Structure formats: structure tokens, C-alpha cells
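A.B. asks: Everything below, folded, please.
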Amino acid sequence: MIKNDKNERIGFLGVDYDLRELPFTGNIYQESDEWRQMKGDPSIRGGLFLQERVESQLDQSIDNVLYLMEELMLEHGVYHCQIHFSSNRATIWHADDCYVYRILTIDELCDPNICLAYPRRPYFERAIVPSLDIMDIFNQFKALRFMDETIYLRSASLNLVNGFIGLNFSCDGTHYLRYDEFKNQGIDFWL
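C.D. replies: Next up, the predicted model:
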């Protein structure tokens with residue numbers, strides 16, 4: 001509001017800013033590192049006890065797949081992976097091209113030569129997950145996959161940089177938690 005010297009309102013001043021043109025002055029959003037649980041589709045939860053796990057091709061080769069994923073993370077620059085146990089595939093993100101994800105089919109996951117498609121790299125320098133913990137985490141994924149015929153792990157992810165684990169179960173429930181919290185939970189906790 002604009003006033004004259006007699007304190008009388010004589011007009012208004014309006015400004016039109018395009019917020020996209022203003023410089024960014026804050027910090028980028030930082031994700032909370034607290035354990036988060038999200039409920040999924042109610043129709044899936046409602047029919048949960050009418051389903052049971054069907055053995056996938058990945059289940060049949062799970063040990064080899066997990067060793068291959070560990071090798072990609074330890075020696076070939078993969079810093080994030082998502083393993084889709086039920087649909088026989090994995091999605092990976094590589095440090096040399098971090099804006100693009102790659103989908104590995106069951107055939108690729110069962111072929112150790114797939115490692116030759118990715119250059120050898122030292123363990124990712126931004127990783128906060130200790131390299132020795134990767135296989136322990138993967139073995140816990142395996143245990144959750146086979147823990148029950150009705151409630152079981154459908155997909156799981158590991159990010160070495162932020163240390164987050166993502167878990168999606170047959171009930172369509174999803175958990176996001178830090179790798180160290182995940183390691184400290186035994187199979188009994190999930191049952």
C-alpha cells in the first residue's frame with residue numbers, strides 16, 4: 001500500500017515474480033534417516049491371505065544373483081540396486097552414469113560375464129555402508145524372501161551412499177530404514 005505524506009492511501013504496488021527465475025538460496029532437501037513404514041494398496045492387503053509366494057527364477061538362483069550383485073557393488077561402480085525377486089530382474093545405478101538406471105534381466109543376473117559390461121572401479125568413495133556389510137544385507141534379503149509363504153519380500157533396494165534399505169512385502173507394505181538398523185533386526189522381528 002502506498003500512502004502520501006498525510007498518511008492517506010493513494011495506491012498499491014504489485015510485483016509479479018516468476019519463482020523459477022529467482023536464485024536458489026536454501027539447501028537441497030535432506031531426506032530424514034528415520035525408519036519409515038508406508039501402507040500400500042488396501043486391495044492387496046485385503047487379499048493377502050488368499051495368495052502365496054510362487055517360486056521365481058530368481059529364487060532358484062538367488063545365491064548366484066546375490067553374489068553377482070555384491071560383485072557389481074564392490075568392484076564395478078554400482079552404488080544403488082533394487083532387486084525384484086518376484087519379477088526376476090534388478091535395477092542398478094552406476095557411478096559413471098548416475099542419471100541412468102539399467103535393468104538386468106534374470107538371464108543377465110545369472111551370467112557372471114555381465115560384470116565385464118561395467119568397468120572395474122574401487123569401492124564407491126561416497127559409500128557409508130561398509131563393504132563387508134553388503135553380503136550380510138543381501139543374506140537378510142534372502143531370509144525375508146523365504147520367511148513365509150504368505151508374507152514375504154517382493155523387492156528390496158540398497159543404496160551405498162545414503163545407507164538406505166527399501167523393502168516391499170507381499171502385503172504391499174514398504175519400509176525404508178538405515179542399513180545398520182536393518183542389520184540389527186533379526187528375522188523374528190519381521191515375522
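
A.B. asks: what's near enough to touch the residue nearest to the spatial centre of the chain?
C.D. replies: Centroid-nearest residue in the chain, with Cα atoms, centre = their mean: residue 157, separated by 4.0 Å. Going by Cβ atoms under 8 Å, 6 or more residues apart in numbering, residue 157 touches 80-83, 164-166. (C-beta placed from N, C-alpha, C; glycine too.)

A.B. asks: For stretch 82-95, buried residues please.
C.D. replies: 82-86, 88-90, 92-95 (16 or more other Cβ atoms under 10 Å).

A.B. asks: and if you look at stretch 141-153?
C.D. replies: Quick answer for stretch 141-153 (16+ other Cβ under 10 Å): 141-142, 144-145, 147-148, 151-153.

A.B. asks: measure residue 167 to residue 157 for me?
C.D. replies: 8 Å (Cβ to Cβ, to the nearest Å).

A.B. asks: I misspoke; the intended subject was residue 9.
C.D. replies: 59 Å.

A.B. asks: Residue 10 too?
C.D. replies: 61 Å.

A.B. asks: before we move on, what about residue 124?
C.D. replies: Distance from residue 124 to residue 157, by Cβ to Cβ: 15 Å.

A.B. asks: Which ones among the contacts of residue 157 lie within helices?
C.D. replies: In helices, judged by DSSP state H, none of the contacts of residue 157 are found.

A.B. asks: May I ask you to name the longest strand in this structure?
C.D. replies: strand 97-105 (DSSP state E).

A.B. asks: who's in contact with whichever helix or strand comes after it?
C.D. replies: Once strand 97-105 ends, the next helix or strand along the chain (criterion: DSSP states H and E) is helix 106-109. Outside of helix 106-109, the residues within contact range by Cβ under 8 Å, 6+ apart are 57-58, 61, 64-65, 68-69, 88-90, 114.
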